[in-house]
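Student: I would like the atomic coordinates for the input below:
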Amino acid sequence: MVILENVKRKLGPGVAFSCEAFHVAQGSRTALWGPSGCGKSTMLNLISGLLRPDSGTVQVDGQEIQNLSESGLDAFRAERIGFVFQTFNLLSPFTVLQNVILGMRFADVRPEKEWKDRALTMLERVGLSHRLNSKPGTLSVGERQRVAIARALANTPKLIVADEPTGSLDPKTADSVMTLLLDLCAQEAVTLLLVTHDKGIADRLPGTFDCTGLVREEAL
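Tutor: Numbering: from 1, shown residues only. Got it, this is the predicted structure:
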C-alpha cells in the first residue's frame, strides 16, 4: 500500500531526511514513532504528497506520486487519502454535518446525492448524531476530533494519515479517540499511518516504525 525506497529530502543547511526502505501492506495500522525532530512528520508529509522527495520513490496505492503535477497530487489526495490532525482543522462557521459534507466536495468518489447520507452514517458511527447542527466552537476537544475522523473517513479513502491525533487531548479522551480510530479503520479496511511521540499510543497499533535517525546532519 505504501512504499518508500531510497527517499531523500533536504530540510535545511546540513540537514536532510533519508529513508532507504519503508513498506506497509493494505489494511495495516502502523505508528511512526520517535522523539520530536526525528523525521516522523516529514515522512508522513512525503507519503501524503505534501512534500516531494529530492530523490527516490514514494508509492501509494500502486501510484508513484513524486512526479505527479500539483493538480494531480490534489486529486490523488482528495480521492485516496484522509487526514486527521492534532488541531482538527474544522471550519468554524459551519455545522458538524456541513463540515463532513464539505470534506466530500473535494473528491469525486461518490454522487452528490449520497453525500448527506454518508456524512450522517459516519457521524452516527463516531457517536455524534445528536450534534449534527452544532458549530465546532461548542464542541469539546474530543468531539471535535471525532468530527475530524468522520470527515477523514467519509470519502472511503485507501489511507488515513494521522499526525499526533491525540496531542491536544487529555489521557482519558485520547484513549477513547484512539479506540474509535482503530476500530473504524479496521471496519473500513483502511490503512492507517499514525505519527506519535507517545510510546503508549504507538504500542496500541499492530505495527511500529521507529523514525529515530531519519533526519541526519550532512556535510556542507
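Student: Put the alpha carbons of the lengthiest helix in the chain into CSV.
Tutor: Secondary structure of the chain read by DSSP state H shows that its longest helix is helix 171-188. Output for helix 171-188, consisting of C-alpha atoms alone and laid out as CSV, is shown next (Å, rounded to 0.1, in the frame of the first residue of the first chain):
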residue,chain,number,x,y,z
PRO,A,171,-5.4,10.9,28.6
LYS,A,172,-9.0,9.6,29.0
THR,A,173,-10.2,11.3,25.9
ALA,A,174,-7.1,10.3,23.9
ASP,A,175,-7.8,6.6,24.8
SER,A,176,-11.4,6.9,23.7
VAL,A,177,-10.4,8.6,20.4
MET,A,178,-7.7,6.1,19.7
THR,A,179,-10.1,3.2,20.2
LEU,A,180,-12.6,4.8,17.9
LEU,A,181,-10.0,5.5,15.2
LEU,A,182,-8.5,2.0,15.3
ASP,A,183,-11.9,0.3,15.3
LEU,A,184,-13.2,2.4,12.3
CYS,A,185,-10.0,1.8,10.3
ALA,A,186,-10.3,-1.9,10.9
GLN,A,187,-14.0,-1.9,9.9
GLU,A,188,-13.4,0.1,6.8
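Student: What helices and strands are in contact with it?
Tutor: In terms of contacts (3 or more Cβ pairs under 8 Å, 6 or more residues apart in numbering; DSSP states H and E), helix 171-188 is packed against strand 29-33, helix 141-154, strand 159-163, strand 191-196. Where you see a C-beta, it was placed from the backbone N, CA and C, and this is true even at glycine.
Student: can you do 10 Å?
Tutor: strand 29-33, strand 81-85, helix 115-125, helix 141-154, strand 159-163, strand 191-196, helix 199-202 (3 or more Cβ pairs under 10 Å, 6 or more residues apart in numbering; DSSP states H and E).
Student: For it, list every residue counted as buried.
Tutor: Buried residues in helix 171-188, counting neighbours by 16 or more other Cβ atoms under 10 Å, are found at Thr173, Ala174, Ser176, Val177, Met178, Leu180, Leu181, Leu182, Leu184, Cys185, Glu188.
Student: TSV for those, including distance to Pro35 and pLDDT?
Tutor: Rendered in TSV, the data for the buried residues of helix 171-188 read as follows (distance: Cβ to Cβ, whole Å; pLDDT from 0 to 100):
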residue	distance to Pro35	pLDDT
Thr173	23	93
Ala174	19	92
Ser176	26	93
Val177	22	93
Met178	20	95
Leu180	26	95
Leu181	23	95
Leu182	23	95
Leu184	28	95
Cys185	25	94
Glu188	31	90
